[in-house]
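Asks: Sequence and computational prediction follow.
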Amino acid sequence: SSPLTTSRYGGIGAGTQTAALAAGGNDPPSTVATEEYNGSGWATGGDMNTARYLMGGSGTQTAALASGGDPIPGSVALTEEYDGTSWTESGDLSTPRAQVATCGIVTAGLAVGGDPSSANVESFDGSSWTEIADINTARKSAGAAGTTTAALVFGGGAPDKTQTESFDGSSWTEVADLSPGGEYGSGCGTQTAALYIAPYG
């Protein structure tokens, strides 16, 4: 398909195959660039407020969430919400971190793990984050899929992880391992129909 207008790695993605969003990332340097995809090509969207990469991204093209990340130097707790036109700063994560796995929607999201390798999980209600039950295996750069009451987290590092955990809204349970696992993969889908894409290394 059509390439992005702005070259970058470590940015976020959100949305669907015909209405997608790409934001942030690093070329270097880190960028605030946002692009929207309509199924055939990319168009410029509203810039992020803070340039950073290795964030967590979730939601849709018109209601997206970008959480944490690395603006170089250091991880941040910063969260921004996108309304289809512009980004607005929202409630910060309780724990600053990059390489966080995220899933859900802008009014009900999860942030899982992160760098340094963490078991921390937080839930977002549209305005603020609340710490909830930790995952069993600490990790960074994992994939995630699903919702705040039916989620999966899988893979990650470091070192490379194969463990998959399922969330029921209150606790995490280990389920079938990935083969192979690894960090810097992407996740999408639902708890019962998820994809893990292109792990690093």
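Replies: Good, I have the coordinates.

Asks: Local confidence estimate at Pro199?
Replies: Among the per-residue scores, Pro199 holds a pLDDT of 67.

Asks: And Asp27, by the same measure?
Replies: Model confidence at Asp27, expressed as pLDDT, equals 89.

Asks: Does Thr34 touch Leu21 like I think?
Replies: Yes - taking contacts as C-beta atoms under 8 Å, Thr34 lies within contact range of Leu21: 6.9 Å. Any C-beta I mention is one placed from the backbone N, CA and C, and that applies to glycine too.

Asks: quick one: low-confidence ranges for this protein?
Replies: Scanning the chain for pLDDT under 70 picks out the ranges 198-201.

Asks: What separation do you get for the residue of the chain most remote from its centre and Gln61?
Replies: Going by C-alpha atoms, centre = their mean, the residue of the chain most distant from its centre is Ser40, 23.5 Å out. Distance, Ser40 to Gln61, using C-beta to C-beta, to the nearest Å: 14 Å.

Asks: ok, back up a step: skipping adjacent residues, who's closest to the residue farthest from the centre of the chain in space?
Replies: Spatial nearest neighbour of Ser40, excluding adjacent residues (C-beta to C-beta, 6 or more residues apart in numbering): Ser2 at 6.5 Å.

Asks: And for Gly155?
Replies: Gly181 (4.5 Å).

Asks: Enumerate the beta-bridge partners assigned to the residue nearest to the spatial centre of the chain.
Replies: Geometric centre of the chain, nearest residue: Gly56, 2.5 Å, by C-alpha atoms, centre = their mean. Gly56 has these beta-bridge partners by DSSP bridges: Ser67.

Asks: Likewise for Val121?
Replies: Applying DSSP bridges to Val121 gives these bridge partners: Val112, Ile132.

Asks: What is the neighbour count of Asp70?
Replies: 21 (other C-beta atoms under 10 Å).

Asks: Can you name the residues that contact it?
Replies: Shown in contact with Asp70 (C-beta atoms under 8 Å, 6 or more residues apart in numbering): 30, 52-54, 76, 98.

Asks: so how far is Glu36 from it?
Replies: 24 Å.

Asks: same thing with Ala64?
Replies: Taking C-beta to C-beta, one finds Ala64 at 10 Å from Glu36.

Asks: Could you pull up phi and psi at the residue farthest from the centre of the chain?
Replies: phi -140, psi -30 (degrees, to the nearest 10).

Asks: Hmm, the residue nearest to Gly155 is touching Gly156, no?
Replies: Yes - counting by C-beta under 8 Å, Gly181 touches Gly156, with 7.5 Å between them.

Asks: what about the two, which has more around it?
Replies: Gly156 (33 against 22).

Asks: Contacts only, for the more buried one.
Replies: 101, 113, 139-143, 181-183, 185.

Asks: In CSV: these, plus secondary structure and distance to Met48.
Replies: Below are the contacts of Gly156 laid out as CSV (DSSP: H, G, I helix; E, B strand; the rest coil; distance: C-beta to C-beta, whole Å):
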residue, secondary structure, distance to Met48
Ala101, strand, 20
Gly113, coil, 22
Arg139, strand, 26
Lys140, strand, 22
Ser141, coil, 20
Ala142, coil, 23
Gly143, strand, 22
Gly181, coil, 30
Gly182, coil, 28
Glu183, coil, 24
Gly185, coil, 23
